[in-house]
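> The sequence isn't on hand, but the structure is:
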């Protein structure tokens, strides 16, 4: 397994997930609800920043690898799924929204794997709408974790709720876009995806 700075940052993002979730299970005597929101938001923001940083370092240091390309999106999806599950438990995100976002990630991941097997991975390359969806989603999750009004005036919970619904709409839109781009090529591929190789 290759190990370099970008991959270490990706692993750090995964390690932050139980820390982030565990904050909400601490007794209120140890950490007030407001402080839990602040701490969890800070940990989530740190995780989101490592997502940008590890990609930038991998390109800048020429340390890209197949393992890193696999692990990075896995870490992202785990972080988002953990945040959504926590927010559903706290009553800040509707279950349907969480199912839409997590379900889309599973579907597109499976589609990308299928398309890679038949040599059509470019059909599901990241699109502009996918990037906008990701930004809206991450900002929404951060605001919903923060939750308490900023400066006693800015209702970040309301802003986060509006953004997460926007992210859900963009999630469905981007999923339809990817399916529309990929499925005709996948279904038209003679013989379908190659069967797994048999063990000798």
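Great, that's in hand. Note that this is a predicted model, so its numbers are computed, not measured.
> What are the buried residues along the helix or strand containing residue 47?
Per DSSP states H and E: residue 47 is located in helix 33-60. Neighbour counts over helix 33-60 (16 or more other CB atoms under 10 Å) mark 36-41, 43-44, 47-48, 50-51, 53-55, 57-58 as buried. Yep, even glycine has a C-beta here, placed from its N, CA and C like the rest.
> After that helix, which helix or strand is next?
Following helix 33-60 toward the C-terminus (DSSP H and E): helix 66-89.
> As a check, name the ranges of all helices in the chain.
Using DSSP state H, the helices found in the chain span residues 5-23, 33-60, 66-89, 95-117, 128-146, 156-188.
> can I get the ones you listed in JSON lines with mean pLDDT?
Below are the helices of the chain laid out as JSON lines (pLDDT from 0 to 100):
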{"stretch": "helix 5-23", "mean pLDDT": "92"}
{"stretch": "helix 33-60", "mean pLDDT": "90"}
{"stretch": "helix 66-89", "mean pLDDT": "90"}
{"stretch": "helix 95-117", "mean pLDDT": "85"}
{"stretch": "helix 128-146", "mean pLDDT": "90"}
{"stretch": "helix 156-188", "mean pLDDT": "85"}
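> now, of those, which is deepest in the fold?
Among those, the stretch with the highest mean neighbour count (mean count of other CB atoms under 10 Å) is helix 128-146, at a mean of 20.
> So which other helices or strands are in contact with that helix?
helix 33-60, helix 66-89, helix 156-188 (3 or more CB pairs under 8 Å, 6 or more residues apart in numbering; DSSP states H and E).
> just so I know, which of the ones you listed lies nearest residue 27?
Proximity to residue 27, assessed across the helices and strands packed on helix 128-146 by CB to CB, is greatest for helix 33-60 (10.3 Å).
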